[in-house]
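1. got a predicted structure here, sequence first:
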Amino acid sequence: MNRYSALFERLDRERRGALVPFAILGYPTPERSLEWIEALLPHADALELGLPFSDPIADGPVIQTASHEALTAGARLNSGLAIVGQLRTRHPELPIGLLVYANLVYQPGLDHFYRRIQAAGADSVLVPDVPSEEAQPFVDAARRCGLASILIAPPNAPEATLARIAKLGSGYTYVVSRSGVTGTEKQAGRPQATLFEKLSALGAPPGLVGFGISSPGDVQAALAQGARGVIVGSSLIEQSRDPERLQSHLHALALATRRQPEGIHARASQR
Amino acid sequence: MTPTISPATPAPAPGRFGRWGGRYVPEILVPALDELDQAFQRARTDPAFQAELKDLLTNFAGRPTPLTRCRNFLAGSGLEIYLKREDLLHGGAHKTNQVLAQMLLARRMGKTRVIAETGAGQHGVAVALAGALFRIPVQIYMGSADCARQAPNVFRMKLFGAQVTPVTAGSATLKDAMNEALRDWAASYGNTHYLVGTVAGPHPFPTLVGEFQRIIGDEARAQFLEQTGGALPDQVVACIGGGSNALGIFRAFLADREVALVGVEAGGEGLASGRHGATISRGQAGILHGAETRILTDPEGQILESHSVSAGLDYPGVGPEHVYLHETGRVRYESATDDEALAAFRRLARDEGIIPALESAHALAYCETLARSQPKPARLLVNLSGRGDKDLAHVQSLIERVS
């Protein structure tokens, strides 16, 4: 069983949603990046890691700045994959996804690039500037290299697009609950329950909600609508300078992933 | 190795020129592109749309623009130079042609706000003036480096009531302005039209912008035939940034196999220097701003910063149709350096009483280079895509620095 299936099975038993931190590989510097990512892990059920890119059009100011800082500090593909490799060794069961802009995949060549990230220990790949209608060659290459393909389902996607996302996607479905780019300036929308119902009816992989998730309330709302977990990025980077606040923020988000607060007994059994 | 991701289909998919083009954007923007494509397809065959556009182009923008035969520029070289005077179009450059068309489309789609990116500011000025005319609020994203070197255009846009937002990210030039406009659109597509200014970007922009710029070539071809008593030019020459003025004039001559078509890219400080904007001559296949095209990129895929003395050519990508026309050999792509463009800028002013935009000066510089090679007598049609008023302060500072 792959790591995502194992995770969702376990979370169902524990009556929890997944908390998936997002981090930029090489942020704040290639040397300190592993330490930063490890700080996110005590409450993490999986990880989504972005390779920094010069022109991240799907990202808001926080992740843009983090990418820029990483690149300026010398982050490159090799240093990023070295971090993935270390994480894989230390956390053999943790699902690790990579988020990579299209030109970073295209330049080395799809198969070559995907083989390298798979060998480093990644489970999945998400290309945010490749919509489902252009995704087939990317999905095929990922499959050949043993990687799951994560596709983004936005709130405005017509039925035919959702069907294509369901067909091409594997691992999980990245559900976006509002318009816009990543960041906390704009709150997560309340995802329509119907979107999850449609995706589920179409046989899509489990949905995780991302973009604008920054509070326990956002997490609970997402789970209530049918999400199987949340992805949190910008709000973590915003608290990167204050380790204590970061930990309490992560703890609060993790508590909110419980489907029904059932008192001390349930809480203890989840540990 | 050049990676291929599109299957080599004999009949290109919609939005593809050969294997080039496509729609590499976040999924959330795909419905907005579909909506635009549908509005465009309906407008193409709608007499009411065509009539309103024609009225605007004639009675507001000043079409047709003249075709001027140079009296002195390169006289005695054997080259006869004809200038298609898009510099005389309202707004000061060819940009207004397709902006008016997209504004009509925006109104038809019920959009109440328009955003745009701009490099030299010419596209921004065209969108701003059209926004004033159509009473539609306009927000222009412009790299902060470009705001500095094209200050008069920033003021012009503000006079028209547009909001100009400087973009400080990355190289603070055109590509960064386009990134920011795409981010805005991902949040605002419900009420906002993103009015892309060139034949780059995701489908349908390359097709749509090229079609509404084709009027340049259609007019120029008829005027040339008339002025020469039935001859076609030996060469048609145009500068290439994203490539809209070039495609606009080339498209009318594609079927005339005897007419050579020449695109002139920004050679910057020289192709060997690595500081240039020559994406076709020196770029790689890649994906940028929604299209599979040629771009300036490092081997890992990070986008490289382009360089050109002219803000309008300072872009590390190019419209996908140009890459296709390069591949088929129908268009030849050359480059002119900053210094060559500056020399041509001054020479046209001295010789003809016309100040060209620094962008257009690259096309003139190609003619000067050709003239030096003792060519056979030939008639050249040059797209003078814009006027140089916006460049005066910038060029003055460059001239004073070297003298």
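-> Structure received.
2. going forward, measure contacts and count neighbours with C-alpha atoms only.
-> OK.
3. how about the helix or strand containing A:R115 as CSV, C-alpha atoms only?
-> Per DSSP states H and E, A:R115 falls inside helix A:110-120. This file holds the C-alpha atoms of helix A:110-120, laid out as CSV (Å, rounded to 0.1, in the frame of the first residue of the first chain):
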residue,chain,number,x,y,z
LEU,A,110,9.8,15.0,-17.5
ASP,A,111,11.0,11.4,-17.0
HIS,A,112,14.5,12.4,-16.0
PHE,A,113,13.2,14.9,-13.4
TYR,A,114,10.6,12.6,-12.0
ARG,A,115,13.0,9.7,-11.7
ARG,A,116,15.3,11.9,-9.7
ILE,A,117,12.7,13.1,-7.2
GLN,A,118,11.3,9.6,-6.9
ALA,A,119,14.7,8.3,-6.1
ALA,A,120,15.2,11.0,-3.5
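4. mean confidence for it?
-> Throughout helix A:110-120, pLDDT has a mean value of 98.
5. what does it contact?
-> Helix A:110-120 is contacted from outside by A:81-82, A:84-85, A:88, A:105, A:138, A:141-142, A:144-147, B:3, B:5, using C-alpha atoms under 8 Å, 6 or more residues apart in numbering or on different chains.
6. ok now that helix, how far from the chain's centre?
-> 18 Å (C-alpha atoms, centre = their mean, to the nearest Å).
7. quick one: buried residues of it?
-> A:110-111, A:113-115, A:117-118, A:120 (16 or more other C-alpha atoms under 10 Å in any protein chain shown).
8. for stretch A:120-138, same thing?
-> A:120-132, A:134-136, A:138.
9. how far is that stretch from where the chain is centred?
-> For stretch A:120-138, the separation from the chain centroid amounts to 13 Å (computed by C-alpha atoms, centre = their mean).
10. ok, now stretch A:11-19?
-> Using C-alpha atoms, centre = their mean, the offset of stretch A:11-19 from its chain centre is 16 Å.
11. now that stretch: buried residues?
-> For stretch A:11-19, by 16+ other C-alpha under 10 Å, it's A:11, A:14, A:16-19.
12. next one: stretch A:202-217
-> Buried, per 16+ other C-alpha under 10 Å, within stretch A:202-217: A:202, A:204-216.
13. looking at those residues, which one is closest to B:G197?
-> Proximity of these to B:G197 (C-alpha to C-alpha) peaks at A:F211, which lies at 29.0 Å.
14. and the gap between the closest one and chain B?
-> Counting by C-alpha to the nearest C-alpha, to the nearest Å, the separation of A:F211 from chain B is 12 Å.
15. I'd like to know which elements whatever helix or strand B:F250 lives in is packed against.
-> Per DSSP H and E: B:F250 is located in helix B:244-250. If you count contacts as 3 or more C-alpha pairs under 8 Å, 6 or more residues apart in numbering or on different chains; DSSP states H and E, helix B:244-250 packs onto helix B:205-227, strand B:235-240, strand B:378-384.
16. A:D55 reaches B:A177, doesn't it?
-> No: with contact defined as C-alpha atoms under 8 Å, A:D55 and B:A177 do not form a contacting pair (10.7 Å).
17. could you list the low-confidence segments of the chain?
-> Assuming you mean chain A. By pLDDT under 70, the low-scoring segments of chain A are A:1, A:189-191, A:260-271.
18. hm, I was asking about chain B
-> For chain B (pLDDT under 70), the answer is B:1-13, B:403.
19. taking it, what residue is nearest to chain A?
-> B:A187 (3.6 Å; C-alpha to the nearest C-alpha).
20. from the rest of the structure, what touches the host helix or strand of that residue?
-> B:A187 is part of helix B:174-188, with elements assigned from DSSP H and E. Outside helix B:174-188, the residues that touch it by C-alpha under 8 Å, 6+ apart are A:55-60, A:179-181, B:28-29, B:115-119, B:141-143, B:146, B:166-170, B:192-194, B:289, B:311-312, B:314-316.
21. out of these, which end up buried?
-> Buried among the contacts of helix B:174-188 by 16+ other C-alpha under 10 Å: A:55-60, A:179-181, B:28-29, B:115-119, B:141-143, B:146, B:166-167, B:169-170, B:192-194, B:289, B:311-312, B:314-316.
22. tell me the spacing between whichever residue of chain A sits closest to chain B and B:A181.
-> In chain A, the residue that lies nearest chain B is A:G180 (3.6 Å; C-alpha to the nearest C-alpha). As defined by C-alpha to C-alpha, to the nearest Å, A:G180 lies at a distance of 11 Å from B:A181.
23. show me where the stretch 151-271 of chain A has helices.
-> The residue ranges that make up the helices of the stretch 151-271 of chain A, judged by DSSP state H, counting those that start in this stretch, are A:159-168, A:193-201, A:216-225, A:234-238, A:243-255, A:263-270.
24. neighbours of A:N78, just the number please.
-> 12 (other C-alpha atoms under 10 Å in any protein chain shown).
25. before we move on, what about A:L98?
-> 25.
26. work out for me the element it sits within.
-> In this assignment (DSSP H and E), A:L98 forms part of strand A:96-99.
27. now for the residue nearest to the spatial centre of chain A: which residues touch it?
-> By C-alpha atoms, centre = their mean, chain A has its centre lying nearest to A:E48, at 3.8 Å. With contacts defined as C-alpha under 8 Å, 6+ apart, A:E48 is in contact with A:20-23, A:96-99, A:231.
28. help me confirm that it is found in a strand?
-> Yes: judged by DSSP: H, G, I helix; E, B strand; the rest coil, A:E48 forms part of a strand.
29. do stretch A:81-99 and chain B come into contact?
-> No: judged by C-alpha under 8 Å from any C-alpha of the partner chain, stretch A:81-99 and chain B are separated, with a smallest distance of 12.8 Å.
30. got the buried residues for that stretch?
-> Neighbour counts over stretch A:81-99 (16+ other C-alpha under 10 Å) mark A:81-85, A:87-88, A:94-99 as buried.
31. and the nearest residue to A:P30 once chain neighbours are set aside, its phi and psi?
-> Take A:P30 and drop its neighbours on the chain: the residue closest to it by C-alpha to C-alpha, 6 or more residues apart in numbering or on different chains is A:A75, 5.5 Å away. The phi/psi pair for A:A75 (degrees, to the nearest 10) reads phi -60, psi 130.
32. next up, the contacts around the closest residue in space to B:K111 that isn't next to it in sequence.
-> Distance criterion C-alpha to C-alpha, 6+ apart; nearest residue to B:K111, sequence neighbours excluded, is B:N191 at 4.7 Å. B:N191 makes contacts with B:110-113, as judged by C-alpha under 8 Å, 6+ apart.
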